[in-house]
Every structure is written in structure tokens, then in C-alpha cells.
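1. structure for this input, please:
(2 chains)
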2 protein chains.
Amino acid sequence: MVSSVHGESPRKPVRQVHYELLTIGDELLLGLTTNTHLAFFGQQLGRRGVTLQRCVTVTDDAEAIARQFRETWPRSDVVFTTGGLGPTCDDRTREVLAAVLGQKLVFDAAIEHAIQERFAVFGRKMTPNNLKQAYRFERCEVLPNPNGTAPGLWVEQDGRVLCMLPGPPNEMQPMVLDQVFPKLAKMGLLLEREAYVQIRTAGVGESALETKLQPIFDRYGGALNVAYCAHLGMVDCRISSANEGLSAAQLEVIARECGRLLGEDVATYGHDSLAKVVSELLRVQDKRLAVAETGTGGLLASALNEISGACKFFAGGVVCCSNDARMELLEVPECLLLQHGAVSAECAVAMATGAAERLGADYGLAVTGFGSETTGPGGNPVGTTFIALHAPHGVWSKKLNYPGSRSTARIRAVHAALDWLRRELLRVASGAVAPTRRSGVMQ
Amino acid sequence: MVSSVHGESPRKPVRQVHYELLTIGDELLLGLTTNTHLAFFGQQLGRRGVTLQRCVTVTDDAEAIARQFRETWPRSDVVFTTGGLGPTCDDRTREVLAAVLGQKLVFDAAIEHAIQERFAVFGRKMTPNNLKQAYRFERCEVLPNPNGTAPGLWVEQDGRVLCMLPGPPNEMQPMVLDQVFPKLAKMGLLLEREAYVQIRTAGVGESALETKLQPIFDRYGGALNVAYCAHLGMVDCRISSANEGLSAAQLEVIARECGRLLGEDVATYGHDSLAKVVSELLRVQDKRLAVAETGTGGLLASALNEISGACKFFAGGVVCCSNDARMELLEVPECLLLQHGAVSAECAVAMATGAAERLGADYGLAVTGFGSETTGPGGNPVGTTFIALHAPHGVWSKKLNYPGSRSTARIRAVHAALDWLRRELLRVASGAVAPTRRSGVMQ
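-> Next comes the predicted model:
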């Protein structure tokens, strides 16, 4: 338990503050909605030096909520709840938790006003059941909800914090980051800044990475915590101070030393996706990319399209499911397809070049593989994938073979293709290759 | 508590059997992996008449697992655990739960043999830590894992069932469906068959659906349970027997009566996706589809590409992020783009036709909208989207406007486009429209 939550120094380090998350809603337990709350809170708390200790999902049933909260409250320092704050009769979180904590609910005219204003903006009439959301705990702070009608409630009681939040992620997440975390940081219940420096690598294995970096880390002994986290072709290395002995600036220096050692294996420092990293490189170099996909069927295009302002660097993509499409849209020669098959280095190269040329892009990326369920004339087994990169100064292909499920293999192929382009753009930026064909580099 | 779990009739109806899910793993609480287990178990149990009562996620810490299991076990009839069965030192589920239940762990040579065989298939050498997975409870059944090394364990004790499963979904899910559910059904702890008949509708609102169907349901009074579940342009109506009074055949008859009333608003009976439904219609009619996307950026192509054997009915897709791409790949006339803009009915129509014609497909679907961050010459506000359908007998467009987040609007647009094609294919199948241009129908 945190002895005081009113701005005094807490008695325990942040990492020992006990956080629990209580996600409420029949729709979660019926599997109608995937519970993304856990991943959001887990990631965001982790960045601020806190490990979420438990997540419990219960139904909308009042007794189930009460029973769980009675068990959760005394063992926690901070409890988040999501869901059950809305206007309908199955929204019971506010009422049940008030009863457990012995608080009265009081009507708050300011909340009513905010709800009415929100309805007015959308030109809709407020129904009476919405007024339920204008009740708050007698002793609490109201957390405004800029994206919905149900406000959050912040309660300090028994030396603990209860933070009740609405269920929809687009309402809840900004409230947590903009309002809740700053309050918790001020109370010393999580770190003001990110707890670790993350070196995000791509295209290098976890054990190879560890072997390479260990000599650096060894110099700091027990002062440094190091954690590796692998995800489908990328490995994150997170370094943090073991006993608050190292400052943020010192961690940054260590991370940069690792970066110099790893060279282009470092995709970024922080949390950006590979698509985002590639998009920045393309923007800086004022280049555009086109893609052609078989097997990944739109995943590569999707990853690029999700970046804000994608039109600036992403020329477009072609999803091919047939040789006709390859020939017609990408000008892959029929004789090439007949001789080598669609799943071949030759076809990948032709697709990458075709995409770049047809779409007037500087770079082209192609993936061709496991979408086809038959083996090609080359006799490649199912699971074989070729990726190709077309650049202004050349075009190349690579063979990939990922074991595991098809959905995993697709994401790995997308990562491998983006990583390849990233490395090539770095080489161009460093002057290691001339950026245009006129340089005479082999094409 | 279930009084007997050995094949005798249980003392309570299936819907009152208390199921809990315990998902174990630091990676879940750190948000490194989204917890898909909850959605899987929730959906699958729901289909068999059971509501999962609670899901608790705890860390790999032995004391945290033990403490949670001691609380969960006495209040449950069936407990599933996922995770913590692997070969590494942070896999502690087996050991901790054995200790709580007072069971010894014994080495099982048959499990060792299975693990060794799996390594042999992949041509890898088994490391000694893998032998940890060959230990099982003294009194249990071993559930073979065809897709991994860690087997599941099935324990009946204290009149309850504990089912320990590995964490990776591609290993766990087939074990649940093929091995665990049949055992539970045999014990009367879940239904042998699906608990409800689901009428999956598309393109019709929840309240309109309810208004239409209520007169049918009223005839059955309390004998029938009806539940509606809306998800982004689709609404599922699930009907089940309230007190086991209606047989599966009777539910089927009621569902078909609803279906006749709803007509083409019914997408399917059951759980198939719209893409799957469309793919079946295309296959039966021996037609192929091509798509062109702006804004949805590959999501429509992806949805189609995920259907097994997609090459048969899906010709391919084009993701356009620029007018150049629209002109070059889809032959959208430049003058059209200059006059109407990319986000327009005219452009949507040209994209749909362009995709179908360039890819030699019978049908073309186009989405153009909120990918563009500026408003077009038509002055359409951000959020406006046009979809278009090209068929052998005509081409049309529709304007959509979805409030809410961009990611939600994208999925709604994909659903709207697929639903439109579905309806058109039904009309062709019914003979309401002639399937070819030669029929003289307006183009």
C-alpha cells in the first residue's frame, strides 16, 4: 500500500507499486470484443517503470464486479477499471464500486452540461438515460472525456487510487495518457519519463544481438537492467537503470554506444514501426515507394498506408493473385512466368521493377510466395517466399523460408521486405551507393 | 461445483457450470502479446451454451500463480490455464499447480518420445531443458500437442476439472476444439452441439432487425432466447432454447422463417465472414473479382486473400495513393480526376471498372475515401467515402459517411463493399438480373 498519495514521496520504489486492471463487460467474456485494454495498459505502464501485476475480466453482473473489487482493492496501490460507465442498464461499475467503498453518488451539473454540449455538437438529442453518467462519487475528481459522454472518475481512498475509465479504446486511451499518467507521476506512482531506452533492431537474431552487446553491458555490472523482446524479425533491447543509479542521459549514452556497434541493424531508438522508419527515410530523401504482393495479399500496402500522410512517400501497391495480373499490371513477361513460375527470384524481381515503373516510384518492393498453394516449376516447397527490392541503382531478390503458421510467416515477410529497403536507404544516405542509375552501378 | 465429473449427468444445467480462464505470462501483462485467448475461449464456450465467468491474467511468478489458483479453484467447475508449460525456467504452471493440488509430478517416457519425434521431424536436436515438458501430474490425462512440444494436461480432482494448455494459439486452439471440448461435452459440462442458431445479417441496423423479427419471436414467448450482436455493419441474431424446450431442429425452422422474412439481408447462418460468403457465391457462379482501394489501403484485398484458395475467385487488387496510380494502373481518365477529384462517385466507378477490366475479372469493387487527407474539388468533407461496384451488367456507386475512428470506418467500408457485391450476386443467382452485358441491361 502507498502510505500517502498526496504528493509526498512514496515509501516504495515505483517498480514495487502494485497496479491491477479490472476490465468489465460481458462482451469481453463472450469474445465479441478482443480485450485490447490489457496490451495498452501493460505497454504504457511498462514504459513508465511499472509492471502491471494482474488483469481480471469480469461480467457486467453487479455481484461479480463487487466480489472482484473487494478482492482487488486491499491488495493494490492503484486500480484501473474499464467499462460499465455508460448510460444503459448493464453499466453498473460506478454504482457497485461506490457501494463497496461506502461513497455516495451525487449529481454533478457540470458533467450534465458537458454531456449536453457533446450531443449538441453532433446535432443529436440527449436521451434521459444519459443523465446516469452525470453522477459521480461524492469524494472524487472528474476526468473529462473529450471523445465520449462518460467521464472518468479518480478516487483516492484508503491510501489507494481507483481510476474508473470508459470502455471504448478511443475514449479511454487519450484520457490515460493525457490526464491519468501525469497525476500518477506527480504522486510518484510511476516514472515521469520513459523507464528504459529501447534499441529496436531488425534482421538480427536475439542471441546474436546478446553476444554482440554483452561486453558493453558487462562494464556496468549490476547497475544496468537489460531485457530482450523478439517479435517476428525484430528484436528490442531495453536498457534501464537497476537502482536508479544511472541517469536518463547515461542510459542514452550506453544506447548510442550499442548503436554504433550494431550499425544498420538498429532500426530505431524507441517504438516506431519498420514502416514508420522507412517512411521517414523516404521522406528525407524525397523518394517514393511502390509495392507488389502475392501471399501477403495487401499486408505490406496496409502497413505503409497506415502511416499518417502516406500519399507523400507511398505511390501505391498491386496485389496479384494470378499470372494475368502479374503480366497486365506489372508487365511481368509471360515467358518468365512459364519458365520460372510465380514463386521465383526472377518473378519477384520483375514484380518489384514493374511496380516501381508502373507507379512512377523510385523504389519497388515485391513479395511472392506462400499465397500460391501449389509448387512452381522450380519445385519450391510450400512456405518458400521470395522478396525483391528495386532501387534506382539496381534490383535484387532474396529467398526466405519461415517455419510456423502462415499468418506469422506473412508478417515476417513484410518485416523482411521493409527492413531490406531500410538498409538500402541508409546506404544511399551514407553515400555508400550512388542514388541514381547514372552512376553506372550494376543494375 | 459439479458433483460428479465421470460421465454421469451433472446436477446443474450447462449454463450454470462455472468456467474460469487463467492466462499466465509476463508477456501478456507487459503488453508484448495481445491476449487473444480470452476472445477465443469466450466465443467457443458461448457457442456451446456456456458463459465464461472470469478471465484472470497473472505474471510468471510462482507465488502469483499459486495465489490466483487457490482463489480460482474452489469457486469454479472448470478451469483452463494457458501458458507456462514450456521448457524454460520461467515456465512454472505445471509445478505450481501440482503443488497447490497436492499432486506429484512424474516423468512420462511417452511424452519424452513424442517430444523427441517432433524434434526429429524438424531435423533439430533436442536440448535437455525440453525434458521438463515430459513431467506430468501423477493423476491426469495427457493431451497430445500435434503442433508443439508441450502437451496439455487434464486433471479431475475435487469434483472439478483443470485443463492446462500451452500458450501459443496455433498449438492451444486445435487442442481445445479437437480434444478438450469433446471430453467436456461427454461429461455434460457443455453442449454437444452449438447452443444457438445464428442468423448473420449485413447492411441492416439492429433496431430495424429487432422490429422486423419480434412478431415471429413473440409466438414462442419465454421458450426462446434472442440476443443481438452488432459489429461494424453486420448484426448477428442468435436464437436459443430458453429451457431446453426447443430442439435444434425447431430452432432451425424458426431461423429459416426469420430468413425468409429478411430475404437478402441474411448474409449467412453461422459464423462465416462476409468475404467468405462472397467467395462462395463467386465460386458457384464461376466468376472472379478484382478490387481497387484508396483509404482502406489493402484491407479489402487482405480480407479476400485470407480465404483459402483465394486465387480461384480473387483476381487481384490495386492500392492507389495517387492520381498517377489511378491513371496508370486503372486507366482512370485524368480529366475525370481533375473535374471530380479522387474522392468522388465518378472516380469510384472508374476505379471499379478499371480494376475489373485490367485484371480480367467479372466483378470489380472500389473504395475511395478517407485515405486522402484533403477535400477534393467536390468539397466532400473528410470522412466521406465512395464505393463502387462493377458487374457484367452495370456499374454503380454509393456514398458512405461513417462517424467514429478511422480504423473503424475502414472496416465498415470493407463490409459495405463486400455486402453490396453479395447482394448483387444473389440477384444474379435468383435470375432477377441477367448476368451478362449482352442482356441489354443498362451499363
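2. could you pull out the strands in the stretch 151-300 of chain A for me?
-> Along the stretch 151-300 of chain A, counting by DSSP state E, counting those that start in this stretch, strands occupy A:152-157, A:160-165, A:196-202, A:224-231, A:234-241, A:266-269, A:289-293.
3. count of residues packed around A:Asp286?
-> For A:Asp286, the neighbour count with other Cβ atoms under 10 Å in any protein chain shown is 9. Glycine gets a C-beta too; all of them are placed from N, C-alpha and C.
4. low-confidence regions, chain A specifically.
-> For chain A, the stretches flagged by pLDDT under 70 are A:1-12, A:370-382, A:403-404, A:434-443.
5. what parts of the stretch 201-350 of chain A come near chain B?
-> Proximity of the stretch 201-350 of chain A to chain B, by Cβ under 8 Å from any Cβ of the partner chain, involves residues A:229, A:231, A:290-291, A:297-302, A:304-306, A:309-311, A:314-322, A:324-325, A:328-329.
6. out of the residues you listed, which sit inside strands?
-> Mapping these onto strands (DSSP state E) picks out A:Cys229, A:His231, A:Ala290, A:Val291, A:Phe314, A:Ala315, A:Gly316, A:Gly317, A:Val318, A:Val319, A:Cys320.
7. quick one, which of the strands of the stretch 151-300 of chain A is packed in tightest?
-> Comparing those by mean neighbour count (mean count of other Cβ atoms under 10 Å in any protein chain shown), strand A:289-293 ranks first with a mean of 33.
8. for that one, what is the distance to the chain centroid?
-> 23 Å (Cα atoms, centre = their mean, to the nearest Å).
9. list the pairing partners of it within its sheet, with orientation.
-> Using DSSP bridges, strand A:289-293 pairs in its sheet with strand A:314-320 (parallel), strand A:363-368 (parallel).
10. for A:Asp60, which of those is the nearest?
-> Closest to A:Asp60 of these, according to Cβ to Cβ: strand A:314-320, at 41.5 Å.
11. can you pull the contacts of A:Thr33?
-> Counting by Cβ atoms under 8 Å, 6 or more residues apart in numbering or on different chains, A:Thr33 makes contact with A:Gly25, A:Glu27, B:Ala39.
12. err, A:Val180, not the other one
-> By Cβ under 8 Å, 6+ apart, the contact set of A:Val180 is A:Phe80, A:Leu143, A:Gly152, A:Trp154, A:Cys163, A:Leu165.
13. max pairwise distance over those residues: which two?
-> A:Phe80 and A:Leu143 (11.7 Å).
14. show me which of these two is the more surrounded one.
-> Neighbour totals were compared for A:Phe80 and A:Leu143, and A:Phe80 leads with 24 against 19 (other Cβ under 10 Å).
15. enumerate the beta-bridge partners assigned to that one.
-> A:Leu21, A:Cys163.
16. what's the spacing between it and chain B?
-> As judged by Cβ to the nearest Cβ, to the nearest Å, A:Phe80 and chain B stand 13 Å apart.
17. cool, and A:Glu206?
-> Distance of A:Glu206 to chain B, given as Cβ to the nearest Cβ: 13 Å.
18. that residue reaches A:Tyr228, doesn't it?
-> Yes. Between A:Glu206 and A:Tyr228 there is a contact under Cβ atoms under 8 Å: 5.3 Å.
19. what touches both of the two?
-> A:Val235.
20. ok, A:Pro215 - how many residues close by?
-> Neighbours around A:Pro215, by other Cβ under 10 Å: 9.
21. equivalent analysis for A:Cys89, please.
-> The tally of other residues near A:Cys89 (other Cβ under 10 Å) stands at 9.
22. so who does it touch?
-> With contacts defined as Cβ under 8 Å, 6+ apart, A:Cys89 has no neighbours.
23. now do the SS call for it.
-> coil (DSSP: H, G, I helix; E, B strand; the rest coil).
24. how far off centre is the helix or strand that A:Arg67 is a member of?
-> Assessed by DSSP states H and E, A:Arg67 sits inside helix A:62-75. Offset of helix A:62-75 from its chain centre (Cα atoms, centre = their mean): 31 Å.
25. and for A:Phe80 and A:Leu143, which residues touch both?
-> A:Cys163, A:Leu165, A:Val180.
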